[in-house]
Every structure is written in structure tokens, then in C-alpha cells.
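Q: Fold the following, please.
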Amino acid sequence: MGKMTKVAREALPLNTILDGDCIEAMNSLPEASVDLIFADPPYNLQLRGDLHRPDNSKVDAVDDAWDQFASFKVYDEFTTEWLAAARRLLKPNGAIWVIGSYHNIFRVGAAMQNAGFWMLNDVVWRKSNPMPNFRGKRLTNAHETLIWASKSEDSKYTFNYEALKALNEGVQMRSDWVLPICTGHERLKNEAGEKAHPTQKPESLLHRVLVATTKPGDVVLDPFFGTGTTGAVAKKLGRDFIGIEREEAYRKVATKRIASVRKFDRTSLEVTQSKRAEPRVAFGVLVERGMLNPGEELWSLNGRHKVKVRADGTLIGDDVKGSIHQVGAALEGAPSCNGWTYWAFKRDGKKVPIDVLRQQVRAEMN
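A: As a prediction, this is how the structure comes out:
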């Protein structure tokens, strides 16, 4: 961690909820000090009158003052301002997630591109238990959209691909996520027994976002903190958070909620790493260190081919020589080959993949 980064981190109000306007609060924080931003801005729902269920009971819709804007122009100006403040806070390799509905997400997306963010994915959060469309005049609104973007096109953003794949039972994670909305015990209530917040996000959603795009110890900012889902999940996962929330009632609920959260132990916080993120090891290193010797024979794991190791870390076989990858591909007549998982050496009469030796070297490098 560089000197300036350390200074900036020490100046941050980590694991606290700031009271006030999100733009002013963000502008008061050190530049380039945050790893990830998760933003759930006002949706500007433009509601027209009350909505009732078939039994004539009133739907608890979002009609709070914080979601009211005089016009699209006013909303766009607000969006431009908070996005500029957010981008200033991100480290060069930082990223942002913004969630919204059809009322606002397209306007926010355009503003993000205008601000210089680089779009990475849009994710559809498909609600497994959406609220029905009671009037029967439109489709049931069963999803929300998240936009994931890096600070710039050149940002080396965090993406824990293998961890997401593990979460998805070994299958590559897609951009449509089926998760339930908050109900039952997860839905927070205020002192009057009513919903503490009308658009509380489920912890499962934030868990997936933070596991996918942050590392333990990263700083996560939520400028529209609400009842603190981002902070609660960040604490569990060993990330530091900064929340900004101007509504006292929400801050009160969030503070109580986060205080009761237990951080996972260090071992539990580790996630499956991408092989690309592991230290690079050349096959020749194994030869240099005497883990394999010149003239030693290697066998393909399928048993069809045998070659010899050369002093410079290349292999030689019948009418073929080159790297562990080139020789494997040539012998199999394939366009490419991962030599680390193709070749094996023999110890006590048993074949052992050469990748075992690579992992030994990597363990010493960590």
C-alpha cells in the first residue's frame, strides 16, 4: 500500500454512517480513497395517486420526500452531481455498482457514461417473489437493473471470477440473478412495527456484489445507505464501509443492525482465486531447482506420449521439441494445450501431474 493511500485511509471515517447530503459528504472525503461504491439512488417513481390491492387495502409504496423530484431535469442534475462526487472518490482501479428500476436506470446509465465511467456489465436482478401488478394494466415488474462500471477504461478492477463460479455450483455466473426480495425476518421494522425502509435490498444481493468485486480490507462506500444492508454485509465479509444517510430514522435502524453483525473469521473470508491471479511460474524453474532433472521422462496423463526434459526447460520427443504447451499440442494435433495439466512425472511408479510442483513453488512465493 503506497504512502498516499495510507494517509487517505487514515483520514477516512471507516465503518461509520455520515449524517447529511450525500454530495456534500462525498466531497468532504479524500480523493481516490475508495475501492468500490454501491449506490441505490432515489428511483424518482413519479407515482400518481394511491395504489390498492384487490381487497382494497393500500399498497405501502415509495412516496417519501427523498424520492420526489420536480422534473427529469432536476433529477438529471442531481444524478450528474452525485456521480461526479463518487468518481472523484474512487481509486484508479475502483468500480461502482448502481441499482435502479425502469423509472431511472436508463437516465443514470447515460449519466455514468457522460461522467467517464466504463461500463462492464448490466445485471438483471430477477425477483423470485415480486409484488403482483394489482391493476392488471402492465406486466408484473419482476426485476431491477444493476450497472457495474469501472472508474475508467484503463482501470484494473477487481473481479473474483472463480469465486462467483463456485457460488454458482461450478458454472460461470450469468448476468441474470434470481434472488428473493426482503420478506419475513430480513425485512427490518421500525419502532411502530412498520417497514423501516420501502426499498430495502436483500443481503444476498450485496453478498454477491461484494464477493465478486472486492477483497477483504477494501473500502466500500454507499452514498444512499438507508437501513445499512451494504454495511452489514461488508462487516460480515471483512470489508470496511462508509455510509452516508440524511434520514435520522434510517441511520438509527442501520446503526443497531450493524452493531449486531458478527464478522466472519479470516479463513472464512478467503474466496477461490482465479489462476490468472496466481504468481507466474516458468517450467524451467522446476529444472533449475532440481525438482525435475534434464533427461527425466514425462508422460502424458492419457498414456499416449512420452518425452524428455531438456536443460533449458523445453521438452523433446519423437520429431518434436518446444515448450510443455507446444509439445503437448503438437502430439495431440490440437491448436493448444495446457502443458501443466497434460504432463506428469513418475514417483514410486505412480504418475504425478507436473502442476503439483508448480503449486509447491507458488506456495513458497506467497
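
Q: I'd like to know the average pLDDT value across stretch 252-268.
A: Mean pLDDT, stretch 252-268: 88.

Q: can you check stretch 200-220 too?
A: Here the average pLDDT along stretch 200-220 is 93.

Q: buried sites along that stretch?
A: Within stretch 200-220, the residues scored as buried using 16 or more other CB atoms under 10 Å are 200-215, 218-220. Backbone N, C-alpha and C define where each C-beta goes, glycine included.

Q: Could you tell me the end-to-end distance of it?
A: Using CA to CA, to the nearest Å, the end-to-end distance of stretch 200-220 comes to 18 Å.

Q: same check, this time on stretch 331-344
A: 15 Å.

Q: got it, and stretch 229-245?
A: 12 Å.

Q: Ok, stretch 213-232 next?
A: 17 Å.

Q: just the strands in this structure please.
A: 16-18, 34-39, 90-100, 118-127, 143-150, 176-179, 219-222, 240-244, 297-300, 306-309, 315-317, 320-322, 343-347, 350-353 (DSSP state E).

Q: Now distance to Asn133 too, for those strands, in TSV please.
A: Shown next, in TSV, are the strands of the chain (distance: least, CB to CB, whole Å):
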stretch	distance to Asn133
strand 16-18	35
strand 34-39	27
strand 90-100	19
strand 118-127	13
strand 143-150	13
strand 176-179	19
strand 219-222	30
strand 240-244	33
strand 297-300	60
strand 306-309	66
strand 315-317	65
strand 320-322	63
strand 343-347	60
strand 350-353	56
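
Q: Distance from the chain centre to stretch 88-101, please.
A: The chain centre lies 11 Å from the centre of stretch 88-101; the measure is CA atoms, centre = their mean, to the nearest Å.

Q: pLDDT below threshold where in this structure?
A: Low-confidence segments of the chain (pLDDT under 70): 1-8, 45-68, 134, 182-199, 274-277, 366.

Q: What are the boundaries of the helices in it?
A: 3-10, 22-27, 72-89, 105-115, 161-167, 203-213, 229-236, 248-259, 266-269, 283-288, 324-332, 339-342, 355-365 (DSSP state H).

Q: Could you identify which of these is most buried?
A: helix 229-236 (a mean of 26; mean count of other CB atoms under 10 Å).
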